[in-house]
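In: below are the sequence and a predicted model; questions follow.
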Amino acid sequence: MSLPLTEEQRKKIEENRQKALARRAEKLLAGQHQNTVSGSSIAAKPSRSKQGPSTHLHQDPSKSGSHGVVFKQQNPRSSSDGDQRPQNSHSFQLSTSEQAKGTWQRQEEMPTACPSHRPPNQVTLAGISPPLANSPPVVSSEQLWVYGLEQGQIQASHKTKSTPFVNTTHEPLARAKNFQETTASSSGQPPRDPELEARMARPSTSGQNVSGSVMPRPEERLQQKSGTPLHKAAGSQQGTCIKIGDRFQVKIGYSEELIAVFKSLPSRRYDPATKTWNFSMTDYGALNVKTRKWNFLLEEYSKLMERVRCLPQVQLDPLPKTLTLAFAAQLQKTSLCPVADIPEADLSKVDSKLVSSLLPFQRAGVNFAIAKRGRLLLADDMGLGKTIQAICIAAYYRKEWPLLVVVPSSVRFTWEQAFRQWLPSLSPDHINVVVTGKDRLTAGLVNIVSFDLLSKLEKQLKPPFRVVIIDESHFLKNIKTARCRAAVPLLKVAKRVILLSGTPAMSRPAELYTQILAVRPTFFPQFHAFGLRYCGAKRLPWGWDYSGSSNLGELKLLLEETVMLRRLKGDVLCQLPAKQRKMVVVAPGRISARTRAALDAAAKEMTTKESTKQQQKEALILFFNRTAEAKIPSVIEYILDLLESGREKFLVFAHHKVVLDAVTNELERKRVKRIRIDGSTSSADREDLCQQFQLSEGPAVAVLSITAANMGLTFSSADLVVFAELFWNPGVLMQAEDRVHRIGQSSSVGIHYLVARGTADDYLWPLIQEKIKVLGEAGLSETNFSEMTEAADYFYKDPKQQRIYDFFQKSFEEDGSDMELLEAAESFDPGSGSQDTGDTLDESTLTGSPLKKSRFEFFDNWDSFTSPL
Ligand SMILES: Nc1ncnc2c1ncn2[C@@H]1O[C@H](COP(=O)(O)OP(=O)(O)OP(=O)(O)O)[C@@H](O)[C@H]1O
């Protein structure tokens, strides 16, 4: 951020200039070393470099009176000078050969090892540099001399002005800072970053420590801390370094000396975007600022920075310290390839069932995590199996358990199931799912808790967990939320931090900050530095605005090098099955006591010997009915979590009208785009609604009846299907799945079955699996439907449960049983059922739902069920 010089500052500079001239004259008289024309007041000793810019210039044919400059993109490794060759006399070399000579002589006399010659007081006031000029600044040698002398004075006012955290009154920012302070003090020092430290300790090719040559000097540290650029002199050019691929780019306006420096570096290129430019000096001012970019190999970074420091009229913001450390090996040429090969991790101590199930890209993910010492953001696309990878990574560090798993509350039990499935060596008794604020957070070896409960159980976080998984880590994007305040300190001190999110940032880079902080607390300990670099921070009358974005390419590189692994579905499509089915165990904790009692009564009725067949079937219908009601809050919670996680378009299939109504009403309340197709939708409307959904952009949900919308419709623009309810006929379920898995679908499709324990799902789910297995054996269905829930705990030890299951099986397998069940349901008296149970549904979730009226309209469309469309 540069501010124009005030009148007072100008006067002071002029005064100082005069004084400096006088001093200079005295020095000359005293016979001291003279530096004839240069601005080399910063150079205490003249020293000639063998590789100095002047050598290049003199060898450069560009000097020979040509009239233009051609900039061509070159092979980055080419050392040719061909990318900047003047074609005519209006070249960069100034208009006369005399001038050029004068300039380059100055360069020649500059020491190359500038830092050692540079006076220590060369940090100047942040606000005095003018904005990037449109035309080359005209700076006389005298001016340069004076600027060099006067910087110490300017610095005097620098310190109090350049720390936005101190000065700003912007509340969120102030809070962010406080937060940083409190978390730092409450949790002690953040853990050291061994990876970066190792890099820093690695010797460079020149035998120097990376830190020795790359670490900024004190004034640069001040600059980085304050987030303000390092300024050299009034009137200096201000530029920035940005890392791009294995190169870094310099964005800066014209400076003759700087071009000489650039030319001295063999890897230079000009304007990678436009490849070739041909322009004269007179056109320079009109050039688009965006095109003034140079880029170099990373390994030349230190060399360039050292030389640029010698140019008082040029000021170049260095790469952030975090970047220079992250890429130290490349900056120092100790690594030839941009990303070092990731070694294969030794997973011999992890359950072989899990390890052998990993797909190749998942195995690579585990290797990456272990190479990063168990601290990473695994940002694979949705449905790529982040859970299995996270469990494997955590299992690798099993000696450091107890493990804490923080998840959205709608998937707590799915995680429990996943641990059971993938880690058979872990006794189920050692898995602790925290359900209420009174539960113990440390009761198990694996402790699963929701974000919201975590903030209520903060006191139980001492001693801290050493291994932590955070699912859907973008839930932590807002530093002001209670969940974030509870989680981030915990993560900063944990030894292993596994963040999972398919959408780490949904709208702006600022959302990434807390996640980066959690994985690498030392990277950007202050948000402002991050905000300036990557959030296009703007100072507004009310404070700082960090809602923008800047240097995104660099941010991506930094994240990928150090913190984040992200694979998109398209990258690994060939390794994925066409359909990925997932059983989601939804929260039984949300079933009220009265519904639970009603479910138990219905279950008892089904197996009572005294009951007639008809009574048993009615009890079965009642059981379904209560199941539907019991699941509504969890279903809605799950759908809202999906939307919050960035799922854009998906289908929700349900069976009972009460569920379809509740979901539709909630989406309406949340103003989410939706369509609904059930038995009451006319054929013409069905097609229109379908098209509407197919063409819609952004989040949209299709709420569909399992029986009325399982055929004849195409929803290939979605790639996820959620079954809010189960249905006993797997053929109907698979037809419903195929609404998205059909021609036009280019992605692997996710299918989520929401299953609630203690309900009819306990029996329906194994029943469906059993049927599919039989069909699979006959080559009539895919087999992986049942494989996915192999470890599901649905095998009945209790004889009563077994009897219910047998009854289910019998009821649904008898010829015409469906019809019987439907008839039985028709004869059911909803009114009496309603009064009997008087179940309370979550009012907040069901606002606006015409519950009383439709409560027992179990099947939304009998006709479509018996004769599907
Ligand atoms: N290697 C594997 N073998 C068998 N099943 C797998 C494998 N990897 C993933 N799955 C299954 O794929 C489904 C999706 O996996 P998971 O839920 O972990 O994806 P995710 O990346 O966490 O998705 P989201 O971001 O939507 O939560 C699950 O049913 C999971 O069990």
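Out: Noted; the coordinates are in hand.
In: going by C-alpha atoms from here, please, whenever you check contacts or count neighbours.
Out: Will do.
In: for this protein, which helix is longest?
Out: Criterion DSSP state H: the longest helix present in the chain is helix 613-644.
In: whichever residue of the stretch 401-550 of the chain sits closest to the ligand: what secondary structure?
Out: At 4.9 Å from the ligand, residue 502 is the closest residue in the stretch 401-550 of the chain, using Cα to the nearest ligand atom. Of the three states, residue 502 takes coil under DSSP: H, G, I helix; E, B strand; the rest coil.
In: what pairs with whichever helix or strand comes after the longest helix of the chain, parallel or antiparallel?
Out: Following helix 613-644 in sequence order, the next helix or strand is strand 649-654 (DSSP states H and E). Take DSSP bridges as the rule and strand 649-654 pairs in its sheet with strand 700-705 (parallel), strand 720-723 (parallel).
In: now tabulate those strands in a markdown table and tack on distance to the ligand and mean neighbour count.
Out: Putting those into a markdown table (distance: least, Cα to the nearest ligand atom, whole Å; neighbours: other Cα atoms under 10 Å) gives the following:
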| stretch | distance to the ligand | mean neighbour count |
| --- | --- | --- |
| strand 700-705 | 16 | 24 |
| strand 720-723 | 9 | 26 |
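In: kindly reformat those strands as CSV containing mean pLDDT.
Out: Below are these laid out as CSV (pLDDT from 0 to 100):
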stretch, mean pLDDT
strand 700-705, 95
strand 720-723, 95
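In: just tell me which of the ones you listed ends up closest to residue 394.
Out: Closest approach to residue 394 among these is made by strand 720-723 (27.7 Å; Cα to Cα).
In: contacts for that closest one, please.
Out: 649-654, 737, 740, 749-754 (Cα atoms under 8 Å, 6 or more residues apart in numbering).
In: compare those residues and tell me which has the most neighbours.
Out: residue 653 (29 neighbours; other Cα atoms under 10 Å).
In: I'd say that residue and residue 704 touch.
Out: Yes. With contact defined as Cα atoms under 8 Å, residue 653 reaches residue 704; the gap is 4.8 Å.
In: which stretches of the stretch 601-750 of the chain have low pLDDT?
Out: 609, 742-744 (pLDDT under 70).
In: residue 722 and residue 321, how far apart?
Out: Between residue 722 and residue 321 the distance is 46 Å, computed by Cα to Cα, to the nearest Å.
In: spell out which parts of the stretch 251-400 of the chain neighbour the ligand.
Out: Counting by Cα under 6 Å from any ligand atom, the stretch 251-400 of the chain comes close to the ligand at 357-359, 382-388.
In: quick check: PyMOL command selecting the buried ones in those residues.
Out: A single PyMOL command selects the buried members of these (16 or more other Cα atoms under 10 Å):
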select buried, resi 358+359+382+383+384+385+386+387+388
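In: adding pLDDT and secondary structure, write the residues of the stretch 251-400 of the chain next to the ligand out as a markdown table.
Out: Shown next, in a markdown table, are those (pLDDT from 0 to 100; DSSP: H, G, I helix; E, B strand; the rest coil):
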| residue | pLDDT | secondary structure |
| --- | --- | --- |
| 357 | 93 | helix |
| 358 | 94 | coil |
| 359 | 91 | coil |
| 382 | 81 | coil |
| 383 | 78 | coil |
| 384 | 85 | coil |
| 385 | 88 | coil |
| 386 | 93 | helix |
| 387 | 94 | helix |
| 388 | 95 | helix |
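In: tell me the one among the residues of the stretch 251-400 of the chain next to the ligand nearest to residue 556.
Out: Closest to residue 556, out of all of those and judged by Cα to Cα, is residue 382, at 18.9 Å.
In: run a quick neighbour tally on the nearest residue to that closest one once chain neighbours are set aside.
Out: Spatially, and ignoring its direct neighbours in sequence, residue 382 is nearest to residue 502 (5.0 Å; Cα to Cα, 6 or more residues apart in numbering). Neighbour count for residue 502, taken as other Cα under 10 Å: 25.
In: begin at 855, not 1, for the rest of this chat.
Out: With the count now opening at 855, the last piece we talked about shows up as residue 1356.
In: hmm, residue 1356 is touching residue 1233, no?
Out: Yes. With contact defined as Cα under 8 Å, residue 1356 counts as touching residue 1233 (4.9 Å).
In: sec struct for residue 1393, please.
Out: Residue 1393 ends up strand, using three-state DSSP.
In: my guess is it contacts residue 1402. True?
Out: No. Taking contacts as Cα under 8 Å, residue 1393 lies outside contact range of residue 1402: 11.8 Å.
In: any regions of the stretch 1055-1204 of the chain where pLDDT drops low?
Out: In the stretch 1055-1204 of the chain (pLDDT under 70), the answer is 1055-1092, 1095-1104, 1106-1148, 1150, 1153, 1182-1194.
In: which residue does it bring closest to the ligand?
Out: residue 1204 (14.5 Å).
In: okay, now that residue: neighbour count?
Out: 20.
In: gap between residue 1208 and residue 1202?
Out: 11 Å.
In: returning to that earlier point: pull the contacting residues for the residue nearest to residue 1236.
Out: Counting by Cα under 8 Å, 6+ apart, residue 1356 touches 1232-1236, 1326, 1499.
In: let's see if you can find the most crowded of those residues.
Out: That'd be residue 1232 among the contacts of residue 1356, by other Cα under 10 Å, with 27 neighbours.
In: got phi/psi on that residue?
Out: Main-chain dihedrals, residue 1232, degrees, to the nearest 10: phi -90, psi 110.
In: now swap in residue 1293 and tell me
Out: phi -70, psi 160.
In: burial measure for it, as a count.
Out: What residue 1293 shows, counting by other Cα under 10 Å, is a neighbour count of 14.
In: go on, residue 1255?
Out: Residue 1255, neighbours per other Cα under 10 Å, totals 17.
In: that one is in contact with residue 1299, isn't it?
Out: Yes. With contact defined as Cα under 8 Å, residue 1255 reaches residue 1299; the gap is 6.5 Å.
In: and the longest helix of the chain, is it in reach of the ligand?
Out: No. Helix 1467-1498 stays clear of the ligand (Cα under 6 Å from any ligand atom), getting no nearer than 7.9 Å.
In: helices and strands around that helix, which ones?
Out: Contacts defined by 3 or more Cα pairs under 8 Å, 6 or more residues apart in numbering; DSSP states H and E place helix 1467-1498 against strand 1433-1440, helix 1447-1461, helix 1511-1523, helix 1671-1680.
In: quick one: residue 1209 from residue 1308, how far?
Out: 30 Å.
In: sorry, wrong one. I was asking about residue 1417.
Out: From residue 1417 to residue 1308 the distance is 24 Å (Cα to Cα).
In: next: residue 1362.
Out: For residue 1362, the distance to residue 1308 - Cα to Cα - is 26 Å.
In: between those two, which one's more packed in?
Out: In this view residue 1362 and residue 1308 are compared by other Cα under 10 Å, and residue 1308 has more residues nearby, 23 against 14.
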